[in-house]
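[1] Could you look at this predicted model? Sequence included:
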Number of protein chains: 2
Amino acid sequence: MPATPSDPRPTRTRSWWGWGYADAHPDDTECAALGALLPGTLARPLPIPRIADLTIARPAVTPPPALAHSVTADPEARAAHAMGKAYRDVIRALRGRPGRIPDLVARPANDQEVADLLDWAGDHGVAVIPFGGGSSVVGGVEYRGDAHRAVLSLDLTSMDRVLEIDTVGRSARIQAGALGPVLEEQLRPHGLTLRHFPQSFEFSTLGGWLATRAGGHYATGRTHIDDFVQSLHVITPAGTSTSWRLPASGAGPSPDRLFLGSEGTLGIITEAWMRLQERPRYKASTAVAFTDFHQALGAVRAIAQSDLAPANCRLLDPGEALLSGASHDGSTVLVLGFESGTTRVEDRLATALDLARAHGGRGDARTVDRDAPADAAVSAWRSAFLRMPYLRDGLARMGAVIETFETAATWEAIPALIDAVRTQVGGAALKATGHPATINCRLTHVYPDGAAPYFTVAVAGRPGDEVEIWDDIKAAANDVLHRHRATITHHHAVGRDHRPAYDLQRPQPFALALRAAKNALDPHGILNPGVLMD
Amino acid sequence: MPATPSDPRPTRTRSWWGWGYADAHPDDTECAALGALLPGTLARPLPIPRIADLTIARPAVTPPPALAHSVTADPEARAAHAMGKAYRDVIRALRGRPGRIPDLVARPANDQEVADLLDWAGDHGVAVIPFGGGSSVVGGVEYRGDAHRAVLSLDLTSMDRVLEIDTVGRSARIQAGALGPVLEEQLRPHGLTLRHFPQSFEFSTLGGWLATRAGGHYATGRTHIDDFVQSLHVITPAGTSTSWRLPASGAGPSPDRLFLGSEGTLGIITEAWMRLQERPRYKASTAVAFTDFHQALGAVRAIAQSDLAPANCRLLDPGEALLSGASHDGSTVLVLGFESGTTRVEDRLATALDLARAHGGRGDARTVDRDAPADAAVSAWRSAFLRMPYLRDGLARMGAVIETFETAATWEAIPALIDAVRTQVGGAALKATGHPATINCRLTHVYPDGAAPYFTVAVAGRPGDEVEIWDDIKAAANDVLHRHRATITHHHAVGRDHRPAYDLQRPQPFALALRAAKNALDPHGILNPGVLMD
């Protein structure tokens, strides 16, 4: 069944240098108010950078006439495709030092154009940087180095349609360039949803989620996009890989699992059949307060090791709780939410509350939404969550060094890991800036065997040295993660920024295998060079 | 915490030619009774084959003195490692035509011995066939062809200890050579269980499950062993690959997922950290009868698309139901079971029953076990299930061609797929033998987007032509699966028997990538040659 046509593509203007929509950025007054919260920041915000102030070289290559209609050398488009949206990217733009601006931006309309662009790039030594929503926070969508004659940013967002829906098996064939709202809007008339809601939901695409193994809505169980993939359609320089639509298979190593997380180094994902769900009919959520963060960890572990399967199970330390308005008294807060298309969920919530109370939690079911038609209880938390990257950019304009990093580790490692981040990353920030840093922590996803902590670091920088300061802080963070055997990324991907840590984490024989696979599929080495491997 | 020492290794004698324990095989009288159920079979069973009657050549190679203590050329050991336990293997043994008998059998005691054996084999052109419990039904543990100077069967079962247990994160480091009961026995004192119970549980190892992506206990959700892997430790000729113990990660393509399903072609899995569960405290199960198989499919789909997550949700067609004693009136039977370590499960069972009744199911909760301390209600079904391969071998001795095959497909494809198997595989069996075949079907695992049907084919053969007859029937089966885009295997693996179908199913670029990975990790091409790729 074809999807109902509709056009929910965004019409608001995206910021070329910062997060999201340009009109959603904090204004100068709000920036100053934010800066006042962080001692040592600037008195006035840095000006918003202008593309007109950049030096943008003429493209080093010209596409052949047959491809010209899908390729542009427009400076605005090129500047907007130069980097992702990490703090490192934002501050480089604010300081007038963006990453290398691609020579060209292509917006292919179909598989054939993607294949033709790869052929042309291979023949001419042009690096191809796949680009979805451009929300990478790990240097995943910029070119570094000079080993290629030119750089092409391959923007997939013109391929954004839901092409087929299988209502019997609740799945859909979706083009990889669809942004979150664009694909959900097309699924809605069928009563179905992918229910993948990362923080970047509005500004990231299905293809980006797949290529980076994005983490999504569910705090337990199927946390990563990986588990919702039924089949992948990938254009590689060595041919097109289309896996069969299967609910499960045991036929050799999973082809899809090789492309999931390949971050554009092995091929361009242009379509996927995705497993969908009915829109939930029953919901219930509440918040539980704890005096002691470490005791709260015990509660979360008990819930994660039960089979209650909350959709939301996010633990906010006092700083995070304060920031999101969940608590103002220094409490640690556990946000618990259940949803189902089948049965009422109050019993599951009540059992989870019992487990939390057994670990010192204070909360009751009074805040429960019974069969809420919309996400009322979660909306306050969600709007703070979605606003956060804009505030980060506002603080960046005030001269703050402010960024997040995330990881996952076994439960045994979690308490010491979190303590070490506070101590050692905090110490590195103080050493680098002379200012005390704010370090907040939340658990975004939890598992029976461990959890995924997410950290925010904010500290006043030194004008002009922000990138180097952040790199020092991040080096300390990577060191802590490595010593606690915590992954360099739970769901932000590796990109270029995480390479040194990834290289230490990845088993060496797997590196050999991946390198060999890359050589087989991308013999000219044009696909996202520098990501995952050299 | 080290595991409590114990020695639950089996002391009963394994059959060298047939399934399981020699003393569990049907005797001649039972064989004759079985044969009487299938028109056209022999009057008397074929004799049990004897190793003494085989012609076993002297080994073509001698291991170096340093490895001699872990290697044997004993004819009994070599014969017992010549093949797996498919019908094809059993009948070849019964007919005195076993597969190529390996020159040597090694039973390494540790990683170093495994690495040394691989080094030696690489230097001397010796094929290495990894061997766990030897229960492969796809030609996964035999050598075919003559491209190697000699063949070494690498039996991992001396490495069968639970080495560490993390009770906080409920996981354990387990050696790959542990048979199912051997590892569960070591976990039991800690109140933990892997809960992976394939039909071959007693005769297959953790390493075999991992290398073949085995399907296990759970009929929904985490159906494959893949989802229980926290990290893998793999010895390859290019070095040892040890992934970090992580509850989840988004750092590049999953290293573990490349080795899962690699069937011994990329390396030897010698250890894994596995995610465990508490032993369930609450259980409830029942059976639901249906007059119409296709209507029952609707019920199972509704349950699979709910979030009720039954542990058991196996749909037996009338033939399967009769065979397992679940029904004698031609009904289709759905076996439903729930279990939990957290909460009572009667409500979930009741909701599932409601869904089944809405699709014409007849059943109530009278057969529910409340908090059953043991698996009482499931035990009848389970004992029939575990007895099945022995009966297959009894029928094979009566000249029957009898085998199973399994697959998975989307719900949309399932009804026509099952009908086509009955018609076309039945037609091929009739054409090949002149006898009508019995074809039974059950769904072993179900998913929101599809299901895994499992078929049993039984027909009287023609003395001496059984292998060729089965190959004809299997070719028809493969053709039906391919035309319905149903995987060649949901959990039996590819081995050598499924290669032609696997080669058609696997995306060509993935084949290139896998071949390249193989060349990088196994440059001498000694690891399980012929499996997955040439």
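    Great, that's in hand.

[2] how much space between A:Glu406 and chain B?
    9 Å (Cβ to the nearest Cβ, to the nearest Å). The way it works is simple: take the backbone N, C-alpha and C, and place the C-beta from them, glycine included.

[3] Near chain B, which residues of the stretch 51-200 of chain A are found?
    Taking Cβ under 8 Å from any Cβ of the partner chain as the criterion, the stretch 51-200 of chain A approaches chain B at residues A:166, A:168-171.

[4] Grab the nearest non-local neighbour of the closest residue to chain B within the stretch 201-350 of chain A.
    Here the stretch 201-350 of chain A gets closest to chain B at one residue, A:Pro247, 3.1 Å apart by Cβ to the nearest Cβ. Leaving aside its sequence neighbours, A:Pro247 sits nearest to B:Gly450 (Cβ to Cβ, 6 or more residues apart in numbering or on different chains; 3.1 Å).

[5] With A:Leu417 instead?
    That would be A:His484: by Cβ to Cβ, 6+ apart, it lies 4.2 Å from A:Leu417.

[6] now do A:Leu187
    Nearest one to A:Leu187, counting by Cβ to Cβ, 6+ apart, is A:Thr193 at 5.7 Å.

[7] For the one you found, name its beta-bridge partners.
    Note on A:Thr193: beta-bridge partners by DSSP bridges are A:Gln277.

[8] so the residue of the stretch 201-350 of chain A closest to chain B makes contact with B:Arg485?
    No. With contacts counted by Cβ atoms under 8 Å, A:Pro247 stays clear of B:Arg485, the gap being 11.6 Å.

[9] quick one on the thing from earlier: give me the neighbour count for the residue nearest to A:Pro247.
    Number of residues near B:Gly450 (other Cβ atoms under 10 Å in any protein chain shown) recorded here: 31.

[10] Please name the bridge partners of it.
    Going by DSSP bridges, B:Gly450 is paired in beta bridges with B:Thr410, B:Tyr447.

[11] that older thread, what residues are up against the residue of the stretch 201-350 of chain A closest to chain B?
    A:169, A:230, B:408-410, B:447-452 (Cβ atoms under 8 Å, 6 or more residues apart in numbering or on different chains).

[12] from those residues, which is closest to B:Gly134?
    B:Ala452 (23.8 Å; Cβ to Cβ).

[13] Does that closest one belong to a helix, a strand or coil?
    When classified by DSSP: H, G, I helix; E, B strand; the rest coil, B:Ala452 comes out as strand.

[14] For chain A, see how far away it is.
    Taking Cβ to the nearest Cβ as the measure, B:Ala452 falls 7 Å from chain A.

[15] And the contacts of A:Pro247, which is closest to A:Tyr282?
    Among the contacts of A:Pro247, B:Pro448 lies closest to A:Tyr282 (Cβ to Cβ), at 17.3 Å.

[16] Per-residue pLDDT of that closest one, please?
    B:Pro448 is assigned 98 on the pLDDT scale.

[17] Burial check on A:Asp23, number of neighbours?
    8.

[18] Excluding covalently adjacent residues, which one is nearest to it?
    Leaving aside its sequence neighbours, A:Asp23 sits nearest to A:Arg12 (Cβ to Cβ, 6+ apart; 6.2 Å).

[19] now A:Ala214
    The nearest residue in space to A:Ala214 (Cβ to Cβ, 6+ apart) is A:Ile225, at 4.9 Å.

[20] Need the phi and psi values for that neighbour.
    Main-chain torsions, A:Ile225, degrees, to the nearest 10: phi -60, psi -30.

[21] and the residue nearest to A:Leu187, what is it in contact with?
    Contacts of A:Thr193 (Cβ under 8 Å, 6+ apart): A:184, A:187, A:276-279.

[22] same check, this time on A:Leu258
    Counted by Cβ under 8 Å, 6+ apart, A:Leu258 has contacts A:266, A:517, B:253, B:257-258, B:510, B:513.

[23] can you do 10 Å?
    By Cβ atoms under 10 Å, 6 or more residues apart in numbering or on different chains, A:Leu258 lies in contact with A:232, A:234, A:241, A:266-267, A:513-514, A:517, A:521, B:253-254, B:257-258, B:507, B:509-510, B:513-514, B:517.

[24] which of those count as buried?
    The neighbour count (16 or more other Cβ atoms under 10 Å in any protein chain shown) marks A:232, A:234, A:241, A:266-267, A:513-514, A:517, A:521, B:253-254, B:257-258, B:507, B:509-510, B:513-514, B:517 as buried among the contacts of A:Leu258.

[25] Please narrow the residues you listed to those residing in helices.
    Per DSSP state H, helices hold the following members of the buried ones among the contacts of A:Leu258: A:513-514, A:517, A:521, B:257-258, B:509-510, B:513-514, B:517.

[26] Where does the prediction get shaky in chain A?
    Across chain A, the ranges flagged by pLDDT under 70 are A:1-10, A:364-382.

[27] try it again with 90
    Where chain A drops to pLDDT under 90, the residues are A:1-11, A:99, A:216-217, A:322-328, A:363-387.

[28] Please confirm that A:Arg314 is located within a strand.
    Yes. Counting by three-state DSSP, A:Arg314 falls inside a strand.

[29] Could you find the closest non-adjacent residue to it?
    In space, and not counting its chain neighbours, A:Arg314 is closest to A:Val335: 4.7 Å by Cβ to Cβ, 6+ apart.

[30] Likewise for A:Tyr454?
    Distance criterion Cβ to Cβ, 6+ apart; nearest residue to A:Tyr454, sequence neighbours excluded, is A:Glu406 at 4.2 Å.
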